[in-house]
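Participant: Let me see the structure of the following:
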Amino acid sequence: MSEGRLVVSVTEAAELLGISRGLAYELARAGQLPSLRLDRRLVVPRVALLAWLERAARTEGPTGRKEQW
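Facilitator: Down below sits the predicted model:
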């Protein structure tokens, strides 16, 4: 991710996450991937994406699945 940019496109976020563009848009529409609309563009705030990944990493157990507490 470019350090100077505050947001990335959903397509760029998908590439960074290693998922398909379609899945990234689906997750964004469902509110599972942090995103916001700038006019007609759907973008992912860089800091929100990093925080989302950190939260996901903390809540997953050794099997890679979310722990049930």
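Participant: any idea how far stretch 33-53 is from the chain center?
Facilitator: Centroid separation for stretch 33-53 versus its chain: 7 Å, with Cα atoms, centre = their mean, to the nearest Å.
Participant: pLDDT averaged over that stretch, what's the number?
Facilitator: Mean pLDDT, stretch 33-53: 95.
Participant: residues near residue 4, how many?
Facilitator: Residues contacting residue 4 under the criterion other Cβ atoms under 10 Å number 6. Placement of C-beta: from N, CA and C, glycine included.
Participant: confidence score at it?
Facilitator: pLDDT, residue 4: 82.
Participant: what's the answer for the one 4 residues further on, then?
Facilitator: According to the predicted model, the pLDDT of residue 8 comes to 97.
Participant: cool, residue 56 as well?
Facilitator: So residue 56 comes in at 86 (pLDDT).
Participant: where does it fall, phi/psi-wise?
Facilitator: Main-chain dihedrals, residue 56, degrees, to the nearest 10: phi -60, psi -40.
Participant: Show me the strands in the protein, by range?
Facilitator: Remark: strands assigned in the chain by DSSP state E are 7-9, 36-38, 41-45.
Participant: So which of those strands is nearest residue 56?
Facilitator: Of all the strands of the chain, strand 41-45 sits nearest to residue 56, with 14.2 Å by Cβ to Cβ.
Participant: Output the contacting helices and strands for that closest one.
Facilitator: Strand 41-45 sits against strand 7-9, helix 10-17, helix 21-29, strand 36-38, with contacts defined as 3 or more Cβ pairs under 8 Å, 6 or more residues apart in numbering; DSSP states H and E.
Participant: Can you mark which positions in the longest one are buried?
Facilitator: In terms of neighbour count (16 or more other Cβ atoms under 10 Å), helix 21-29 has its buried residues at 24, 25, 27, 28.
Participant: quick one on the thing from earlier: turn the strands of the chain into CSV, including mean neighbour count and distance to residue 59.
Facilitator: Shown next, in CSV, are the strands of the chain (neighbours: other Cβ atoms under 10 Å; distance: least, Cβ to Cβ, whole Å):
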stretch, mean neighbour count, distance to residue 59
strand 7-9, 18, 23
strand 36-38, 10, 23
strand 41-45, 18, 20
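Participant: Tabulate these (a markdown table), appending distance to residue 17.
Facilitator: As requested, the strands of the chain are exported to a markdown table (distance: least, Cβ to Cβ, whole Å):
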| stretch | distance to residue 17 |
| --- | --- |
| strand 7-9 | 10 |
| strand 36-38 | 17 |
| strand 41-45 | 10 |
